[in-house]
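Asker: Structure of the sequence below:
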Amino acid sequence: MSIRAVVWDVDDTLFDYTSADRAGMRAHLAAEGLLHRYDSAEQALAHWREITDLQWARFGSGEVGFEEQRRDRVRMFLGAELTDGEAESWFLRYIRHYEAAWSLFPDVLPVLDTLAASHRHAVLSNSSIRVQDPKLRALGVRDRFEAVLCAAELGVSKPAGEAFLAACAALELPPHEVAYVGDHPEIDGRGAAEAGLLSVWIDRVGTPADGTAVAAAHRISSLAELPPIVHADTRFGAPSSFG
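Answerer: Okay, the predicted model is just below:
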């Protein structure tokens with residue numbers, strides 16, 4: 001059975017979102033004079049990330065829209081009843097600091113170069129095309145992908161099988177000929193496997209995970225481990241630095 005295409009998650013898979021978010025928020029809070037509210041910058045960043053995860057879950061479930069979750073992140077973080085305009089303005093000031101810290105992981109370009117001639121490529125993200133398309137262009141890799149699909153426009157989010165199948169449909173390939181690479185064991189790893197794709201979980205930090213999710217996906221610690229997997233396609237696990 002041959003894998004003909006690789007579909008990629010973006011944040012914390014190709015793009016070092018966590019580092020950019022931390023650097024951007026640290027700079028933003030300093031500029032806004034808000035660091036004094038916390039015992040440390042790390043405490044402030046942990047609070048922001050906790051709220052971000054909560055609001056993304058609400059967006060992913062369809063409870064709120066993309067813009068609404070951004071504004072609610074600001075309101076929860078500041079503990080203030082802001083108008084939509086005030087919340088959006090605060091968030092956009094943060095975005096300027098965040099964008100200044102954007103970078104790809106160092107293993108991204110080498111693996112894209114290695115697989116360029118043998119596999120087609122696309123993106124599936126639980127974000128919005130309005131966010132991810134400009135990001136991929138700024139990072140210099142948008143032309144590597146035939147299609148960029150995002151939950152906000154699809155109307156369905158990972159781990160729902162419909163999201164993964166939409167990516168396969170965009171490539172006009174059946175799921176068993178497509179690999180999916182993402183950083184979340186459940187949303188990406190288990191979701192892709194249950195949709196019938198070859199599932200690859202990129203775990204750069206050795207995250208503890210539910211055993212079923214681990215079993216559903218090939219677990220790798222570097223994208224350098226990906227080419228043998230998509231060329232061999234055993235679907236029953238692959239050697240990894242996790243052992």
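
Asker: any idea how this structure splits into domains?
Answerer: Following automatic domain parsing, one finds the domains of the chain at 5-16+103-232, 17-99.

Asker: deepest of those domains, which one?
Answerer: Most buried of the domains of the chain, by mean neighbour count (mean count of other C-beta atoms under 10 Å): domain 5-16+103-232, with a mean of 19. C-beta here means a position set from N, CA and C on the backbone, and glycine is covered the same way.

Asker: what does the average pLDDT come to for it?
Answerer: Taken as a whole, domain 5-16+103-232 has a mean pLDDT of 95.

Asker: Between the two ends of it, how far is it?
Answerer: The straight-line separation of the ends of domain 5-16+103-232 (C-alpha to C-alpha, to the nearest Å) is 13 Å.

Asker: Distance from the chain centre to it, please.
Answerer: 8 Å (C-alpha atoms, centre = their mean, to the nearest Å).

Asker: Could I get the phi/psi values of the residue nearest to Asp183 when sequence neighbours are not counted?
Answerer: Sequence neighbours aside, Asp12 is the residue nearest to Asp183 in space, at 4.3 Å (criterion: C-beta to C-beta, 6 or more residues apart in numbering). Reported as degrees, to the nearest 10, the phi and psi values for Asp12 are phi 70, psi 20.

Asker: Contacts only, for Asp12.
Answerer: 18, 183, 204 (C-beta atoms under 8 Å, 6 or more residues apart in numbering).

Asker: Tell me the one of the residues you listed nearest Gly161?
Answerer: Asp183 (19.0 Å; C-beta to C-beta).

Asker: can I assume the closest one is in contact with Leu14?
Answerer: No: contact criterion C-beta atoms under 8 Å: Asp183 and Leu14 do not qualify, at 9.5 Å.

Asker: ok, Trp201 to Gly155 distance?
Answerer: Counting by C-beta to C-beta, to the nearest Å, the separation of Trp201 from Gly155 is 25 Å.

Asker: meant to ask about Glu99, not that
Answerer: Taking C-beta to C-beta, one finds Glu99 at 27 Å from Gly155.

Asker: do the same with Arg26
Answerer: Where Gly155 is concerned, Arg26 sits at a distance of 35 Å (C-beta to C-beta).
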